[in-house]
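*Asks:* When you get a sec, could you give me coordinates for this:
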Amino acid sequence: MANYQNATELSKLTLGKSTQYCSEYTADLLQGVPRSLNRDDLALNQSNLPFIGEDVWYGYELSWLNEKGKPVVAVAEFRFACTSENIVESKSFKLYLNSFNQTRFASIKDVEQILTKDLSKIAGSKAKVSLFGVDHCPALDIAKNSDNYFCIDGEDISIDNYQYDAKLLAEAQNKEHDSQVEEYLVSHLLKSNCLITNQPDWASIYIHYRGNAIDHAALLKYLISFRQHNEFHEQCVERIYCDLQQFCQLDELTIFARYTRRGGLDINPFRSSHINQAPFARTLRQ
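*Replies:* Got it, this is the predicted structure:
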């Protein structure tokens, strides 16, 4: 378990506590979690991170009233740079979005602008917000490029360790193939637990790398070792990225975790050595 679980910044969150839903727009419901908590644990320098990327969220339960009182619904896409000061805490995000339900707005653009302003403030850097009609959200088309990825879940492994263990990657360098390779790998077996509530978080993780070949069985054992690990989505992905670079010393690495939704939100952290923006890549599980 991460050693920052008892940080004072976490004790102030509504996450894991009984709360009342508010149906009138309230920006103050939003809460942030400093990214530095996890990055200090990983010995990462905030001003010189070993990766670039972003966190992409999709909101499926956003609604408000137009000026005549008629409900409007939309699907929302939120993008936060991985260099932002804070992660948006997910429960506060849900409570905040719910507060739009009985509030009147003149247009969808007004809602988009308010969301951008509030989320940028809590994240500590510019957030990107796009709202779509429920019948037309191109970003949520099922990904066609996932066929390029080889699923490692068929590896015939024996495992009895479900606590995070980075040392499992010590066996990941494929000694039989010391030449440079490029692989697109996916596993649907990534599962971790919320740092505060211990609720399960389920994800498919896509890994694209260039470098010495990675042993698929060792990689799968490592990913499964997160099964009883407590950490936020974004923090798990950064930990995986750093571990792969440390043990496998890759020339290029991109990781994209697609988490299943909870409370109308899914979170999709994207980290890469050379690509800034996450692709559109919704999975069937989402």
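
*Asks:* Can you give me the distance of the residue of the chain most remote from its centre to Leu62?
*Replies:* Distance from the C-alpha centroid of the chain, by CA atoms, centre = their mean, peaks at Lys68 (36.9 Å). Shown here: Lys68 relative to Leu62, a distance of 19 Å by CB to CB, to the nearest Å. (C-beta placed from N, C-alpha, C; glycine too.)

*Asks:* same question, Gln228
*Replies:* Distance from Gln228 to Leu62, by CB to CB: 33 Å.

*Asks:* of the two, who's got more company?
*Replies:* Leu62 (20 against 15; other CB atoms under 10 Å).

*Asks:* wait, doesn't that one sit right on Glu77?
*Replies:* No. Applying CB atoms under 8 Å as the test, Leu62 and Glu77 come out as separate, 10.6 Å apart.

*Asks:* Which residues are in contact with each of the two?
*Replies:* Leu131 (CB atoms under 8 Å, 6 or more residues apart in numbering).

*Asks:* Report the residue spans of this protein with pLDDT below the cut-off.
*Replies:* 1-6, 11-12, 15-18, 142-147, 174-178, 281 (pLDDT under 70).

*Asks:* Kindly report the domain assignment for it.
*Replies:* 8-140, 145-272 (automatic domain parsing).

*Asks:* can you tell which of those is closest to Pro279?
*Replies:* domain 145-272 (7.3 Å; CB to CB).

*Asks:* Pull the distance from the closest one to the chain's centre.
*Replies:* Offset of domain 145-272 from its chain centre (CA atoms, centre = their mean, to the nearest Å): 13 Å.

*Asks:* Stretch 102-116 now?
*Replies:* With CA atoms, centre = their mean, you get 25 Å for stretch 102-116.

*Asks:* burial of Lys126, as a residue count?
*Replies:* 12.

*Asks:* what's near enough to touch it?
*Replies:* Going by CB under 8 Å, 6+ apart, Lys126 touches 81, 116, 120.

*Asks:* Tell me how many other residues crowd the first one.
*Replies:* Read that as Ala81. 17.

*Asks:* hey, where'd the helices end up in the stretch 1-150 of the chain?
*Replies:* 8-11, 36-41, 90-98, 108-123 (DSSP state H, counting those that start in this stretch).

*Asks:* Any chance of CSV for the ones you listed, columns distance to Asn161 and mean neighbour count?
*Replies:* Formatted as CSV, the helices of the stretch 1-150 of the chain follow (distance: least, CB to CB, whole Å; neighbours: other CB atoms under 10 Å):
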stretch, distance to Asn161, mean neighbour count
helix 8-11, 27, 12
helix 36-41, 20, 17
helix 90-98, 28, 21
helix 108-123, 35, 17
